[in-house]
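>>> Got a predicted model here, sequence first, then my questions.
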Amino acid sequence: MKIFITGGTGFVGSHLTRKLTEEHEVTVGGLEPGDSVLELPEDVERERIDVTEKATLDFEGYDCVIHLVALSPLKKPPVPYEHIHIDGTRNVVKQAEEDDVGIYFHMSALGADAEAKTDYLRTKGEAEKIVEGSDLNWRIFRPSTLFGDGGQFLYFISHMTTPYITVLPGKDTRFQPLHVDDLTDMIIESLEDEYSGRKFELGGPESLSLGEIADMIDESEGRNLKVLGLPGPMFLASMMVSEQLPLTPFGIDQYRSLKSDNVPEENQAGELGFEAEKLEKLEDYLKG
């Protein structure tokens, strides 16, 4: 199969690309396709694309498009979420329709909803509507937070420290971390025709609070720091200030994101043939 992966040089994309090239012809597209989170096989084709500019997209001759391009929810976006999640998705979907692509995969996020309180999840929800309203043979994934080599989430948490304590906003907020290799195996499985027109909410084998995750990270790094919760009003005040400063990484959207749990109501990994309890645990990854 000939596959085009938008965002194929990113975290999920580079892990997925390395697997797919074992059996398929893969092209990765991105703003800087020469750079990738993981080293990619030499036979992978690279194209410069900008999903906000439809003229840069060309999927003619491809059997499958996997759309992974997205902005991070962990820091203030360099451009509005709407540009990438909504406009970018609309362009990718339209081009895939015009080029008669047979299979379309879309990466969304757990909690995506056009009425969501965060711009990240609201625009992710709007993007899902675009996909669902298309004529494509689509499938949508909505995973909880991801971890694995090259990922941002654990790095983000591990750096919210002082020499003596870990200070966390949303210390009790719960996540269901999913290893990127388990996710990419599920993506490959989802390309089968039986999964067309379906959405899947996905998580790892266990639900963990942000405080528990920080404890695991500290232990894996040989530290024994006390994890403290940052009071909501204090965090909100700091984010309101940070929102106005151009070089700070956090803002109001990050505050709102950490107020809500990121756990699927029902982990649908089993519907893709994966037993949740056999997926990799965060603690095992950190020890490995």
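Now that the structure is in, tell me what you want to look at.
>>> Tell me who's in contact with His83.
Residues counted as contacts of His83 (C-beta atoms under 8 Å, 6 or more residues apart in numbering) are Thr52. Where C-beta positions appear, they are placed from N, C-alpha and C, glycine not excepted.
>>> what's it sitting at in phi/psi?
Torsion angles at His83 (phi, psi; degrees, to the nearest 10) stand at phi -60, psi -40.
>>> Flag the shaky bits of the stretch 151-288 of the chain, pLDDT-wise.
The model of the stretch 151-288 of the chain has pLDDT under 70 over residues 159-170, 224-258.
>>> Let me see the ranges of the helices in it.
Taking DSSP state H, counting those that start in this stretch as the criterion, the stretch 151-288 of the chain carries its helices at 153-158, 180-190, 210-220, 232-243, 252-257, 282-287.
>>> can you tell me which residues contact the nearest residue to Arg174 once chain neighbours are set aside?
Of all residues not flanking Arg174 in the chain, Asp261 sits nearest, at 4.4 Å (C-beta to C-beta, 6 or more residues apart in numbering). Taking C-beta under 8 Å, 6+ apart, we find Asp261 in contact with 173-175.
>>> Now rank the residues you listed by neighbours and give me the top one.
Counting neighbours by other C-beta atoms under 10 Å, Phe175 leads these with 25 neighbours.
>>> in the sheet, who's paired with it?
Taking DSSP bridges as the rule, Phe175 bridges to Leu208, Asn262.
>>> Wait, it touches Val263, no?
Yes. With contact defined as C-beta atoms under 8 Å, Phe175 reaches Val263; the gap is 6.7 Å.
>>> what do the two both touch?
By C-beta under 8 Å, 6+ apart, the residues touching both Phe175 and Val263 are 144, 207.
>>> Out of the contacts of Asp261, the closest to Phe153 would be?
The shortest approach to Phe153 among the contacts of Asp261 belongs to Phe175, at 8.4 Å (C-beta to C-beta).
>>> And the helices in the stretch 1-150 of the chain, which stretches?
Taking DSSP H, counting those that start in this stretch to define them, one finds helices in the stretch 1-150 of the chain at 11-20, 81, 89-98, 119-132.
>>> Distance from the chain centre to the first one, please.
Yep, that's helix 11-20 we're talking about. Centroid separation for helix 11-20 versus its chain: 13 Å, with C-alpha atoms, centre = their mean, to the nearest Å.
>>> Also the last one?
On the basis of C-alpha atoms, centre = their mean, helix 119-132 sits 13 Å off its chain's mean C-alpha point.
>>> Packing partners of it?
Under the contact criterion of 3 or more C-beta pairs under 8 Å, 6 or more residues apart in numbering; DSSP states H and E, helix 119-132 touches helix 81, helix 89-98, strand 103-107, strand 138-143, helix 252-257.
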